[in-house]
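A.B. asks: Predicted model follows, preceded by the sequence.
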Amino acid sequence: MNYLIFVFVVVVLGLSDANAATRYSSPSGSGSTCSTGTPCSLTTGLSQTTSGDTLLLKNGTFTSVNLTNPLLSGTSGSPTTLACENIRQCTLQVTSGSGSPIITITAARSYLTFSGIVFDKSVGSTGTGAAFTISDTPTVSNIIVENSEFFATTSPTVRGGLYIGGLTTNSTFRGNYLHDFASHGFYIQGDSNIVEHNHIKNLVPFTSGNNAMCTQFYSENVNKPNNNIFRYNFCNTGNGSIRAGSEGLYIGSSSGNTAHNNIITNAVVGAYIRSSSTKFLNNSIYSVTTGLNVSAGTGCEIKNNALPGESLGTADADCSYSKNIATNGDISTSVTPAQLWIDPANNNFSLIESSAGIDTGATVSISGVTSVGAGYDVGALEASVRSSSVVENATPTIYSTMFSLPTQSTRNGIGLQTCTVGNFAVVVAGAGATESSCAISGTSRVDITLGAAVTNGQSLTDAMTRTAAPSLMDNVAIGDYNGTLNTHYFNAYVRTYTATAGVNNVGGGAVPSLVQTRFRFHHLRGTEAVPRLICTICVENYSMELPRGAAFRLRVKFRTDDDPASTTYKLRASVDGGADADIPDTMDTAYIAWYGASGGSDIPDAGTPTTELLTSDEAANTACAVVRTSSDFPLVDLGNSETECEYVLQTSLSAPLGRTWDFRVYRSDNTALDAYTVTPRLTAGAFVFGF
């Protein structure tokens, strides 16, 4: 079963009605019931789909489709999905008509998802209609358009992309690839929407005097758009050279919009701000005529942007400027592109080691913009830094180096902060290991197999230096520059560091080896013996993003090949990468607490013995118990076996968006286990399907 089907099952299991159905349409469908065996036509599928249903489009090209006044009757709390089974293999195509959109929403709708669709306007289409249009008059909210492709031709008579009407709010447009059409990638008039992780390229002006823009937030006499967010996008208007009549981002007369961590290239003007109280933070702009124009932008905050060799353009006196790199910026007046980025001409916007932009940015206060190391990096890509290294007693030949990683939102439900393997070198002194390639374990750790086991008291250091092909990369996933949907690009390279001491936890004699090995998040409701998963992608060792205020169950397995004395094992949490600490019974500044003893007849009681639900690693399993308060931790006799404890927890509605909690089992005396093969991570999100 492929990934997208997983997403659809989330909709069906999580929030839909008990009678919700999955229906199927195909280009040649003739069925009357829209079953998997004989799919129906798209028209029939739309007519039969009701709130909570999922309509899957079978692979193929649906021609001459204009779904006016559609679609599905989505309502708050009951999401409805229009989606294709395989990314970029299902196509909606206009083959005739003058400017007809492929999908038009003309009535009030909410909680609809469009996923994995190709919107093809390359055949027989002219005029002003965007491929996906939400009209100005209906009240539309919580729409998601993701992982889809939009294209036409570079003819100035063919428009494409998305038109988002003036009453559209709280909707998200993520991970889309928009290319080869006139005018706008996104034209947005609504409020409080998010445009993230999109790749937009190769645009031409629609008519003389009408600019080509990757994204335009524009008011048409309705006092909008306000409070929208444009983040982690790659905008390449000219696809390799400056496109006449082009602008990367235009924020028109409005208020409270934010643009951060975007890369913009090949435009006449990188960004044009005419909106009050705009935040323009940590963006990288390259190969443009003018980097940034600000006009009538009172109360704007312009910080940490990298525009080497370009001008900040018109500088509105009512805006604050801090730590920007530009010809008239305030970090350097002579920074050239070669001095700032590794190879911007080939889309490598990671800062070089000697860059004036490393750790020199101003502090910013915006959800999703984080720093690691001594301070914020200037520009769109914040690099990871080494935080610690250790050899554990249970694995004396494994040298583990941890990296502090910036939080860069999510994509497809996965936090975008996982290190990826590049060409790098780590030298471990005292153990005789020099590695040029490594496996990744967890979200921020590199494990190196040493040539010989570390012994008690041995001194260890590690260092990293870049080779010809630069080193370890942090996956910050800005844009998708070659149009390969669901593939992450624009990674920042981890900073090099000189020889730094690691921790040697190898003991002098035989010590019981306790290892945390597996985990899985469960839905709050449901008996222990038959757990109800949050979604079908919640497999073992899959870290989750859940909405703030969510309650959940976490199953953790740990094991030993030895015979330690009976003891009590507790669960502790690390907040945003900090030190592990006890989880409180009531909410505090950690914004996480135990669920409590009362409430929920279908939630296992504290002390309920656990059976083995996760994959077995030992011949024997010892029962642990369900834990709902800090006084519920059971005494476990783990002699040469494994056990699974289940913890019932909740987060606060007030938790900062993007906050992370990493969970680890500890002994009752607050000593850590000997090794952690996996570490569950929970991320505080705005919402998630299926929960």
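C.D. replies: Great, that's in hand. Numbers count the residues shown, from 1 in each chain.

A.B. asks: And the strands in the stretch 1-150 of the chain?
C.D. replies: Using DSSP state E, counting those that start in this stretch, the strands assigned to the stretch 1-150 of the chain run over residues 22-25, 54-57, 60-63, 80-84, 90-93, 103-105, 109-110, 112-115, 118-120, 132-134, 140-141, 144-146, 149-151.

A.B. asks: what about the first one, distance to the chain center?
C.D. replies: Put plainly, it is strand 22-25. 28 Å (C-alpha atoms, centre = their mean, to the nearest Å).

A.B. asks: residues making contact with that strand?
C.D. replies: Strand 22-25 is contacted by residues 8, 12, 34-36, 39-42, 44-46, 48-49, 53-58, 62 when judged by C-beta atoms under 8 Å, 6 or more residues apart in numbering. All C-beta atoms are positioned from the backbone trio N, CA, C, and that covers glycine.

A.B. asks: how about the helices in the chain?
C.D. replies: In the chain, the segments counted as helices under DSSP state H are 3-14, 42-48, 337-340.

A.B. asks: Ala623 against Thr643, yeah?
C.D. replies: Yes. At 7.0 Å, Ala623 and Thr643 qualify as touching, with contact defined as C-beta atoms under 8 Å.

A.B. asks: so Arg555 makes contact with Thr517?
C.D. replies: No. Using C-beta under 8 Å, Arg555 is not in contact with Thr517; the gap is 11.8 Å.

A.B. asks: Overlap in contacts, these two.
C.D. replies: Residues touching both Arg555 and Thr517 by C-beta under 8 Å, 6+ apart: none at all.

A.B. asks: How much space separates Pro547 from Thr683?
C.D. replies: 10 Å (C-beta to C-beta, to the nearest Å).

A.B. asks: The two: which has the busier surroundings?
C.D. replies: Neighbours were counted for Pro547 and for Thr683 using other C-beta atoms under 10 Å; Thr683 has more, 23 against 15.

A.B. asks: Chain neighbours aside, what residue packs nearest to the more buried one?
C.D. replies: Glu545 (4.2 Å; C-beta to C-beta, 6 or more residues apart in numbering).

A.B. asks: I'd like to know how many residues surround the one you found.
C.D. replies: Neighbours of Glu545 (other C-beta under 10 Å): 21.

A.B. asks: List the contacts of Pro39.
C.D. replies: Shown in contact with Pro39 (C-beta under 8 Å, 6+ apart): Tyr24, Ser25, Ser26, Gly29, Gly31, Gly45, Lys58.

A.B. asks: Would you mind listing where the stretch 301-450 of the chain has pLDDT under the threshold?
C.D. replies: Along the stretch 301-450 of the chain, segments meeting pLDDT under 70 span 313-317, 332-334, 338, 368, 407-427, 429-444.

A.B. asks: actually the stretch 451-600 of the chain, sorry about that
C.D. replies: 466-477, 480-489, 508-512, 529-538.

A.B. asks: if we go to 50?
C.D. replies: Residues of the stretch 451-600 of the chain meeting the criterion pLDDT under 50: 470, 481-483, 485-486, 488, 509-510.

A.B. asks: Mind jotting down where the strands sit in it?
C.D. replies: Under DSSP E, counting those that start in this stretch, the stretch 451-600 of the chain gives strands at 461-466, 473-474, 492-493, 497-501, 503-504, 514-522, 544-547, 551-560, 567-575, 580-582, 592-594.
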